[in-house]
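> need a structure here:
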Amino acid sequence: MGADRVADAAARKLLGDLFAAAVGYAQPASCLPAHLPESPRGRLIVVGAGKASAAMARAVEEHWSGALEGLVVTRQGYAVPCTRIEVVEAAHPVPDAASVDAARRIRQRVSGLTDDDLVLCLISGGGSALLAEPAPGLTLADKQALSRALLVSGATISEINCVRRHLSAIKGGRLALACRPARVLTLLISDVPGDRPVDIASGPTVGDPTTCADALAIVERYRIMLPASVRRCLERGEGESIKPDDPRLAGCTTRLIATPQAALEAAARVARQAGVRAHILGDRIEGEAREVGRVIAAIARQIVDRGQPFAAPCVLLSGGETTVTVRGQGCGGRNVEFLLALSIALAGLPGVYALAADTDGVDGRAEIAGALAYPHTLARACAIGRDPRASLADNDGHGFFCALGDSLVTGPTLTNVNDFRAVLITASAPATGPSAG
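Next up is the predicted model:
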């Protein structure tokens, strides 16, 4: 038992170090300063939205010697002190009145500028809910009802943001138009598979190739009931977004300053320094979280049983944004759902440990980043009367891991480069038989 505790502690420390490296790489204080522009002839106006926007604003203030002013909106609890840039908080993932007010105030901040001025737009994950000014004819209640339905539908983040762009007065390139004739530089911390700027906070300053018809097809695919006003907006094309070839976007530039892939690479370097081979399976893995868990469990089992496709000890790293179709009474959470499905599939396989967490510190609707899983996770759960399969069926991964004391609680991380998953395999089983190797 003593040896098991030592192994658990070593695995927990390494997995924690890998997660910390991924989150640390994406801290605005580290990744933003190198991308600051030259001083404009006129004013510098800083605006932004997202879970990292306040930390991004502070990094701008600390590295900008000239005059500046502005306003950013971040998630409740994610504000940091700034002196020249106003920071406001709003609700996430379902918008509130503060989200609407912030969007309107940001549009006011960038109105009346000249072509000598520069708007520095700081965008990160979470901005879609935080910039929630409805399109004309829609209400906040319309957007709240649709947001709740989309979040439990199983739709991908790209699909969800496609719908959001076509029901907004500020997303889908509309903020860029509000800035004209000033130039716009957008600095992006990506939290979406593929790092497409139009999907990060629903692209307030970039052109959108999708259409109202695409958005309508998504809500119909997931059988989402629409308020009459929302359906009318989409069916009539009233919410059409700004397209990529629109000449009014000519003065807009975007730069990715942090991405999920680079965060995984930062974690991989830490693993290799610890003498553990690191293999990145992908930075844009999508699909139902429980299915992804089963697939990665199968890969881990192949490593343990066959030494294929990699030799142990090794760690499998992956990112992206899976989905959870919530059918039970639990609160969802794609990282804990992934871990619970992985644990069930591994069935206590010795030598396999895992951590899965959202790099923003919030997994689904719980103020918990994620959790850790051990070879003895299922046995411990059964010992306290927790049925893993019943918990999975109820989408109650958070309740399951909280009961075991294995939740990962970080508080606000002040950044967001999507989900982080690390599966550590410490040893392979002895090779036997002619098929080994």
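> please make it C-alpha for all contacts and neighbour counts, starting now.
Fine.
> who's in contact with residue 381?
Residues in contact with residue 381, defined by Cα atoms under 8 Å, 6 or more residues apart in numbering, are 387-388, 400, 404.
> cutoff 7 Å now
387, 404 (Cα atoms under 7 Å, 6 or more residues apart in numbering).
> tell me the pLDDT at it?
pLDDT, residue 381: 98.
> for residue 5, same thing?
For residue 5, pLDDT reads 88.
> so what does the host helix or strand of residue 87 touch, helix or strand wise?
Secondary-structure assignment from DSSP states H and E places residue 87 in strand 85-90. Helices and strands touching strand 85-90, as assessed by 3 or more Cα pairs under 7 Å, 6 or more residues apart in numbering; DSSP states H and E, comprise strand 69-75.
> do that again at 10 Å, thanks
If you count contacts as 3 or more Cα pairs under 10 Å, 6 or more residues apart in numbering; DSSP states H and E, strand 85-90 packs onto strand 44-49, helix 53-63, strand 69-75, helix 97-109, helix 127-130.
> so what strands line up beside the longest strand seen in the chain?
Counting by DSSP state E, the longest strand found in the chain is strand 277-285. Strand 277-285 has the following sheet partners, assigned by DSSP bridges: strand 314-320 (parallel).
> can you mark which positions in the partner strand are buried?
For strand 314-320, the neighbour count (16 or more other Cα atoms under 10 Å) marks 314-320 as buried.
> the longest strand of the chain - what's its average pLDDT?
Strand 277-285 carries an average pLDDT of 97.
> pull out the buried positions in it.
Neighbour count says strand 277-285 has 277-280, 282-285 buried, by 16+ other Cα under 10 Å.
> tell me where the model's unsure across this structure.
Counting by pLDDT under 70, the chain has low-confidence residues at 1, 429-437.
> according to the record, where do the domains of it fall?
2-24+261-425, 32-258 (automatic domain parsing).
> and the end-to-end length of the shortest one?
The one in question is domain 2-24+261-425. Start-to-end span of domain 2-24+261-425 (Cα to Cα, to the nearest Å) is 20 Å.
> one more: the longest one?
Across its full length, domain 32-258 reaches 8 Å between end residues, using Cα to Cα.
> let's have the chain start at 30 instead
Noted, 30 is the first residue going forward, which turns the last one into domain 61-287.
> distance from the chain centre to that domain, please.
15 Å (Cα atoms, centre = their mean, to the nearest Å).
> okay, the angle between the longest helix seen in the chain and strand 343-349?
Determined from DSSP state H, the single longest helix within the chain is helix 31-54. Put simply, helix 31-54 runs at 40 degrees to strand 343-349, going by axes from the mean of the first three to the mean of the last three Cα atoms, to 10 degrees.
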